[in-house]
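Enquirer: A predicted structure for the sequence below; I have some questions about it.
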Amino acid sequence: MAASPSIPLTVLPLGAQRYSCHGCGDCCRDFTVQLREADLAKLAAQGWERELGEVTVEFRGQRYLKQRADGGCVFLQADGKCRIHAEHGLEAKPLACQMFPFTLAPDAREARVGISFACASVLGNQGASLASHAAEVRRMSRDVPELGPTRTLLDASTEATPDEAATVAEAVDRWLRNGAVPLAMRVDGVAWLGQQLSGAHFATVRGPRLRELMDTLVDALPQELPLHPIDPPSGAQRATLRQAAFFRLEDPKIGELRRVGRVRAVLGQYMRSRSFSKGRGVMPPMGDRWPPADFAAVERTAALGESAEFAAIEELFVRWMRATVLGGRAWGSGYYGWPVVDGMQAMALNVACAAWLARAHAAASGRAAPGIADVRAAIGRVDRTCGRAPWLGSRAESLRMGFLRIDDGLRRVLAPSFITAG
């Protein structure tokens, strides 16, 4: 395989985030791994088919690692370790398996190294500093031939310089790390910033003027947000949030898709989506790794602010949002190529979905208020799809975002899960 173009890497500059692999095997049970030609050549040379039979599967013109009936990888051992790794070493594994949970998001100048919160060790903030992994990530990046300069847009028609995209990211991060502001106000501020920037004329707000605009908006947020109170979400807005949450839970497996066929698979997805939109009765099954809850019980579940574990919940939400922005996963190549403005609004919706799903996870277990375990499950589930599930970068998702831009929709769907009653 040809080496990737020379492009500098910047590891996520978030000292609060730690990571080391603890061998839990969750990623081997949860992800469908798409293979490159180099991966297929390595697997063939290792001779697995003589012992295990077919270890890959083709689906819609691409090849993937074969999964067992329970969704686990064919190479996952009983001890939670990878058999390829155990017998041939780390570099013998498919590149996607080596990279996880690290992500690469190039712009016109560099590639930002982010990290996925679908990993239990990342969620739990366990392990070594991210900087200690820099050499290994750089080694793996050389096997990504498509890793080259990529443009980033501010809005649909204005290309951002790397410095301009960094200006927005730094301003949003400054707001998120402001511990003097309650978490509910910080997430509300992200939605409000996305809304305000959607009306900006970026063609004339460039360079230093963009920095001045972002500083002005962020500095004004603590005084501005109370002047713009929001109503409870409408029924249609609640339905849109539930539907958005559904598409972050949806997890089609190749084996199941091939077994039931395309028509039945699409029909099943449509029926589950409608069930979430209606929000009545018990939510349909969403795989073995997500417990079903009664929709009415979710609405009765307390806001995150009422949790006895709120300090840990706040730390995790802030760390996740900061890692998303600073790791290049909020917009541009890290998020379906979306412009900065759209990506910021998508981040607000992802946060709203994670908060609602945390309440749903608690309701499924009969808890009156969500705890840190519920929030970890929810953020892990949302983050595993963000930037990876093609349907979240589709026109249908853009239409959901467009609807929630109207009448403070994003702010209104965020509030019930974060604001303590009374």
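Expert: All right, it came through fine.

Enquirer: For L43, see how far away the residue of the chain most remote from its centre is.
Expert: When distances are taken from the C-alpha mean of the chain, R50 lies farthest, 37.9 Å away, according to Cα atoms, centre = their mean. In this view, R50 and L43 are 12 Å apart by Cβ to Cβ, to the nearest Å. The C-beta positions use only the backbone N, C-alpha and C, and glycine is treated the same way.

Enquirer: E250 too?
Expert: Relative to L43, and taking Cβ to Cβ, E250 is found at 28 Å.

Enquirer: Downstream of the helix or strand bottoming out on mean pLDDT in the chain, the next helix or strand is which one?
Expert: Taking mean pLDDT, DSSP states H and E as the measure, the helix or strand of the chain with the lowest value is helix 254-260, at a mean of 75. Using DSSP states H and E, the helix or strand that directly follows helix 254-260 along the chain is helix 262-278.

Enquirer: starting at the chain centroid, how far to the helix ranked longest in the chain?
Expert: If you go by DSSP state H, the chain has its longest helix at helix 340-364. Its chain's average C-alpha position is 10 Å from that of helix 340-364, according to Cα atoms, centre = their mean, to the nearest Å.

Enquirer: What angle do helix 340-364 and the very next helix or strand once past that helix make with each other?
Expert: Going down the chain from helix 340-364, the next helix or strand is helix 372-385, by DSSP H and E. Orientation check (axes from the mean of the first three to the mean of the last three Cα atoms, to 10 degrees): helix 372-385 against helix 340-364 gives 140 degrees.

Enquirer: Quick check: which ranges of this protein have low pLDDT?
Expert: Scanning the chain for pLDDT under 70 picks out 1-6, 420-422.

Enquirer: residue boundaries of the strands in it?
Expert: Listed in chain order, the strands of the chain (DSSP state E) span 9-11, 18-19, 56-59, 62-65, 102-106, 111-115, 128-129, 152-155, 158-160.

Enquirer: mind checking how far S307 is from V382?
Expert: 18 Å.

Enquirer: Likewise for H201?
Expert: 32 Å.

Enquirer: Mind checking which of the two has more residues around it?
Expert: For H201 and V382, the more surrounded residue by other Cβ atoms under 10 Å is V382, and the numbers stand at 27 against 8.

Enquirer: Tell me who's in contact with the nearest residue in space to R280 that is not next to it in sequence.
Expert: In space, and not counting its chain neighbours, R280 is closest to F295: 6.1 Å by Cβ to Cβ, 6 or more residues apart in numbering. Each residue near F295 by Cβ atoms under 8 Å, 6 or more residues apart in numbering is listed here: R242, G279, R280, G281, V282, M283.

Enquirer: which of those are buried?
Expert: By neighbour count, with 16 or more other Cβ atoms under 10 Å, the contacts of F295 hold R242, G279, M283 as buried.

Enquirer: With distance to D173 as added columns, please give those in CSV.
Expert: Below are the buried ones among the contacts of F295 laid out as CSV (distance: Cβ to Cβ, whole Å):
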residue, distance to D173
R242, 30
G279, 34
M283, 34
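
Enquirer: just those residues now: which is nearest P222?
Expert: In terms of Cβ to Cβ, no member of these lies closer to P222 than R242, at 30.9 Å.

Enquirer: From M99, how far out is the closest one?
Expert: R242 sits 32 Å away from M99, going by Cβ to Cβ.

Enquirer: ok, the closest residue to D231 other than its chain neighbours - contacts?
Expert: In this structure, D231 finds its nearest non-sequential neighbour in R412, 6.5 Å apart by Cβ to Cβ, 6+ apart. When contacts are counted by Cβ under 8 Å, 6+ apart, R412 touches I230, D231, P232, P233, S234, Q237.

Enquirer: The fourth one against G279, yeah?
Expert: Pointing back at P233 there. No. Under the contact definition of Cβ atoms under 8 Å, P233 does not touch G279, with a separation of 11.9 Å.

Enquirer: doesn't Y336 make contact with A105?
Expert: No. Applying Cβ under 8 Å as the test, A105 and Y336 come out as separate, 11.2 Å apart.

Enquirer: Between those two, which is the more surrounded one?
Expert: A105 (23 against 20).

Enquirer: show me what contacts that one?
Expert: Per Cβ under 8 Å, 6+ apart, neighbours of A105: A111, R112, G114, G327, G328, R329, G332, S333, G334.
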